[in-house]
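Student: Attaching a predicted model along with its sequence, questions to come.
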Amino acid sequence: MTNKNLQHKSAAVVNYAPEKGSVEIREVAMPDIGEDDVLLEVANIGVCGSDLHQWTADHSWPVNYPVILGHEFGGHIVRIGSRVTGWKEGDRVVSETAAVIDINSPMSRQGLYNLDPSRKGFGYGVDGAMTKYVRVPARCLHHVPDRLGFEQACLTEPCCVAYNAVVENSRLKPGDRVIVLGPGTIGILCAAVARLCGAEVAVVGLGTDKHRLNIAAAYGCTPIIGNATEWARERDGLGADVIIDAAGASITLQTALQLVRPGGHIVKVGWGPQPLGFSLDPLVQKNVTLQGSFSHNWPVWERVIALLTTGQLDVTPIIGGVWPITEWKEAFEKMHRGEVVKSVLKPV
């Protein structure tokens, strides 16, 4: 596509206020780009649980209203800023989520810009990708090989969340027994990555999660509805080596403390704004390591793209359908009701 053919107005999914349900389709102008940015024509966008939380107004992070939703995306470069090098129009890319960072902060200088306190992401801090065109800093870009379709490539971001939690932020070893709490997108992808690492994995959910648990089973995991104590203690009676808490509620941390073995490891990757309301004494008594895991950075993205491209990590089972952006509400509702694990949108 040449620049002269670019549309100047496009449909966008906009979260316009903090009240519940404040999301609608609006016509937006094509964004201007700075000298260090590219203009990306979006091919596909994954719907994240955080998009749903902003729609239902039960999120726990600040939002810069009004804002275009969407931070899981890929597409083609159609315009390049004057100082951008190493990229050209037509390149197939995916984008990281750290749209705004302080490159001179101590965390950014270590390559851990995902932990920079000033970080702002697409879809809440700045306009995201649920539209035709999105402005992206060139530093966020990664090449997508031709053989990797955008319906899969747009899910690089949640795969990176899972990889960072399981590989970078746990002590998982081949042969470990791992329990994942919460069969949402992140939970199932954490389970899939743990399987790649050679672990025995169980995924725990509620009775309403049967469809999602069946998908976890397709990744070679043991699906469990309700109490996972028996599975946790099956090997030697002491509990699971690693618990990945990927549920969107604080109370599951109590479950994790019950299921983990002495000297074991809990990784908390799910967001839950509720107060805990229980004692952390088991953390001390069992000598357990509790590790938070947030976002991802450049080397994680490169590894995940390689896994997706070779097919070692297959996201196809979690994709419940592709909807045009104008039908965003159906895509959101199906995820919200648990009918699909992941909805994917396509600009119109």
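Tutor: Thanks, I have it.
Student: What strands line up against the strand or helix carrying residue 78, and which way round?
Tutor: Here residue 78, judged by DSSP states H and E, is contained in strand 72-80. Here strand 72-80 has these sheet partners by DSSP bridges: strand 37-46 (antiparallel), strand 92-95 (antiparallel).
Student: With just CA atoms, put it into PDB.
Tutor: Taking C-alpha atoms only, strand 72-80 is exported to PDB below (Å, rounded to 0.1, in the frame of the first residue of the first chain):
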ATOM      1  CA  GLU A  72      -1.900  -7.400  21.100                       C
ATOM      2  CA  PHE A  73      -1.400  -6.700  17.500                       C
ATOM      3  CA  GLY A  74       0.600  -7.100  14.300                       C
ATOM      4  CA  GLY A  75       0.600  -5.700  10.800                       C
ATOM      5  CA  HIS A  76       2.500  -4.000   8.000                       C
ATOM      6  CA  ILE A  77       4.600  -0.800   8.200                       C
ATOM      7  CA  VAL A  78       3.000   1.900   5.900                       C
ATOM      8  CA  ARG A  79       5.000   5.000   6.900                       C
ATOM      9  CA  ILE A  80       8.300   5.500   8.600                       C
END
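Student: need the strands paired with strand 72-80 in JSON lines with mean pLDDT and distance to residue 207, can you?
Tutor: Using the backbone N, CA and C atoms, a C-beta is placed for each residue, glycine as well. Formatted as JSON lines, these follow (pLDDT from 0 to 100; distance: least, Cβ to Cβ, whole Å):
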{"stretch": "strand 37-46", "mean pLDDT": "98", "distance to residue 207": "26"}
{"stretch": "strand 92-95", "mean pLDDT": "98", "distance to residue 207": "36"}
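Student: Turn those strands into TSV, including mean neighbour count and distance to residue 212.
Tutor: Listed next are the strands paired with strand 72-80 as TSV, based on neighbours: other Cβ atoms under 10 Å; distance: least, Cβ to Cβ, whole Å:
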stretch	mean neighbour count	distance to residue 212
strand 37-46	25	16
strand 92-95	24	25
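Student: of those, which approaches residue 112 most closely?
Tutor: Closest of the strands paired with strand 72-80 to residue 112 is strand 92-95, at 18.4 Å (criterion: Cβ to Cβ).
Student: List of residues touching that closest one?
Tutor: 38, 40, 73-77, 87, 122, 129, 134, 136, 140-146, 150, 153-154, 156-157, 301, 305 (Cβ atoms under 8 Å, 6 or more residues apart in numbering).
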